[in-house]
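> Following is a predicted model, sequence given first.
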Amino acid sequence: MGKFFGTDGVRGVANVELTPELAMKIGKAGAYVLTKHTNHTAKIIVGMDTRISGGMLESALVAGICSVGAQAVLLGVVPTPAVAYLVRKYNADAGIVISASHNPVQDNGIKFFNSQGYKLRDDIEDEIEQYMTVKLSDIPSPSGDTVGSKEICKTAIDDYVEFLKNSTDISLEGLSVAIDCANGATYQAAPKALRALGAKVFVLHAGPNGKNINLNCGSTHMESLIDYVKNNEVDLGIAFDGDGDRCLAVDGEGNFVNGDEIMAICAKYMKECGKLKNNTIVATVMSNLGLSIMGEKNGIKIEKTKVGDRYVLEHILENGDCFGGEQSGHIIFFDYNTTGDGTLTAIQLLTTLKKTGQTLAQARKIMEILPQVLVNARVDNKKKAEYATNETIRSEIEQLEERFNGEGRVLVRASGTEPIVRVMIEGRDMRVMQEEAERLSRLIEGLLN
């Protein structure tokens, strides 16, 4: 992990850490590194979520892109997975997303996709950082008619919706679904796609004002969606995050359904149809042990990677798999897209329910979730990786691992996108797990702040 790039691009508080000056450097260096070997005027598409800081960063980013002679094509507000798809459809040389995903409004981020719609390899990000810092003056600055330009794309949402429609071969007519768009990037595309497929759609939190993205809504705040499903006659609910690359669900009885359960439901049906390559789900170490138990019962292998959808994708590519994701709802249907796609996941889940004739409440019974406690320790962002080397913290973790050995597990990891160290304990006794997770969290906060 470099000075600027984390596990999901460059993140920071907008106009404090992620400034327009930094955004321009990112645009300049990124455009140069990703297009320096092209023999034509390079084209880079740019999308963003609904944050108030998006326009400011877009202007700076585009200035950097144009300064190296590239063409910037502005998509406007679109989900992150739309950029991953459209970079291929539009034959662009790269794609950029301005978003901080599920983070609060004060944060923002910049991440790249290459011409094939994949997030950048670490060595490419390292090269971009080199040009942002010590080699910025080495980047050519064209003038005259070789200066870059920008254009506005007005078809991005429609083209993405058409792609989503083509991901299923049936109508969703007869299904009623409430969707929570998190006042974020899915607010146009998700309702449009689901309605085009015939579903009856009730939309919550689709009035972005630049300041309300993820505010008490979306996949990180499911309460209002759960209440809506409980109090209205709908088959299920779907919640997206701010940039639309993940989704979680609520069954018709108002029960929360996480990414592990969605993967279990879809994978079982895919296996029955012969569409689950290698009969494998690629999950992460954060996935519930119940997913592994489900796999054993149904002849489905569960491979686990480090936390992060980029590692899930790496495993898929290296092993010829086609499906995987995270408990958080980042799910990759690789036969359709190269990254997690919340609306695509929703459509695949609804398709599975429609074809099997099950309700979500019935389908989720395929997997029993073992109790799991997750507590976040808020720490100094520069010190969060030290949890792994601090002797006091390591000793406490080892003692906890011994205590839960055979009846559960302990997992501690630093977030790649937030100033947080996550403490997860899985086991049988919720009270004990909660107490121990909170105790360890307090210790980490005390030592790393």
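Sure thing, it's come through. Numbering: from 1, shown residues only.

> elements contacting the lowest-mean-pLDDT helix or strand in the chain?
Taking mean pLDDT, DSSP states H and E as the measure, the helix or strand of the chain with the lowest value is strand 5-6, at a mean of 81. Strand 5-6 sits against helix 122-133, with contacts defined as 3 or more C-beta pairs under 8 Å, 6 or more residues apart in numbering; DSSP states H and E. Placement of C-beta: from N, CA and C, glycine included.

> In the helix it packs on, which residues are buried?
For helix 122-133, burial by neighbour count (16 or more other C-beta atoms under 10 Å) applies to 124-125, 127-129, 131-132.

> I'd like the next helix or strand past that helix.
Downstream of helix 122-133, the next assigned helix or strand under DSSP states H and E is strand 149-152.

> So what's the gap between the least confident helix or strand of the chain and the chain middle?
Offset of strand 5-6 from its chain centre (C-alpha atoms, centre = their mean, to the nearest Å): 15 Å.

> What of stretch 97-111?
Centre-to-centre, stretch 97-111 and its host chain are 11 Å apart (C-alpha atoms, centre = their mean).

> Now do the same contact list for the closest residue in space to residue 90 that isn't next to it in sequence.
In space, and not counting its chain neighbours, residue 90 is closest to residue 45: 6.1 Å by C-beta to C-beta, 6 or more residues apart in numbering. Counting by C-beta atoms under 8 Å, 6 or more residues apart in numbering, residue 45 makes contact with 72-75, 83, 86-87, 90, 92, 94-96, 153.

> Does residue 45 fall in a helix, a strand, or a coil region?
strand (DSSP: H, G, I helix; E, B strand; the rest coil).

> Test for you: state the pLDDT assigned to it.
Per-residue confidence at residue 45 stands at 98 (pLDDT).

> re the thing from before, ok, and what's touching the least confident helix or strand of the chain?
125-126, 128-129, 416-417.

> so after it, what's the next helix or strand?
Going down the chain from strand 5-6, the next helix or strand is strand 9-13, by DSSP H and E.

> relative to helix 122-133, how tilted is that next one?
50 degrees (axes from the mean of the first three to the mean of the last three C-alpha atoms, to 10 degrees).

> Quick one: the helices in this structure, in order.
Secondary structure of the chain by DSSP state H: the helices cover 20-35, 54-67, 80-89, 122-133, 156-165, 189-196, 223-231, 259-272, 289-298, 309-319, 342-356, 360-363, 391-404, 430-447.

> quick one: which of those helices is nearest residue 141?
Minimum separation from residue 141 across the helices of the chain (C-beta to C-beta) falls at helix 54-67, 6.2 Å.

> Give the other helices and strands that the closest one contacts.
Partner elements for helix 54-67 (3+ C-beta pairs under 8 Å, 6+ apart): helix 20-35, strand 43-48, strand 71-77, strand 94-98, strand 107-114, strand 149-152.

> could the ones you listed go into TSV alongside distance to residue 192?
Output for those, formatted as TSV (distance: least, C-beta to C-beta, whole Å):
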stretch	distance to residue 192
helix 20-35	30
strand 43-48	16
strand 71-77	13
strand 94-98	20
strand 107-114	23
strand 149-152	19
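
> okay, the ones you listed, which one's buried deepest?
Comparing these by mean neighbour count (mean count of other C-beta atoms under 10 Å), strand 94-98 ranks first with a mean of 28.

> picking up where we left off before, any chance of the buried residues of helix 122-133 in CSV with pLDDT and distance to residue 179 as columns?
Formatted as CSV, the buried residues of helix 122-133 follow (pLDDT from 0 to 100; distance: C-beta to C-beta, whole Å):
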residue, pLDDT, distance to residue 179
124, 92, 35
125, 92, 33
127, 94, 40
128, 94, 36
129, 92, 38
131, 94, 41
132, 92, 38
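
> Show the end-to-end separation of stretch 319-330, please.
19 Å (C-alpha to C-alpha, to the nearest Å).

> pLDDT of it, averaged?
97.

> Tell me which residues of that stretch come out buried.
321-330.

> domain assignment for the protein?
Structural domains assigned to the chain are 5-154, 159-366, 372-447, following automatic domain parsing.

> just checking, which of these comes out with the lowest mean pLDDT?
Lowest mean pLDDT within those: domain 372-447, at a mean of 91.
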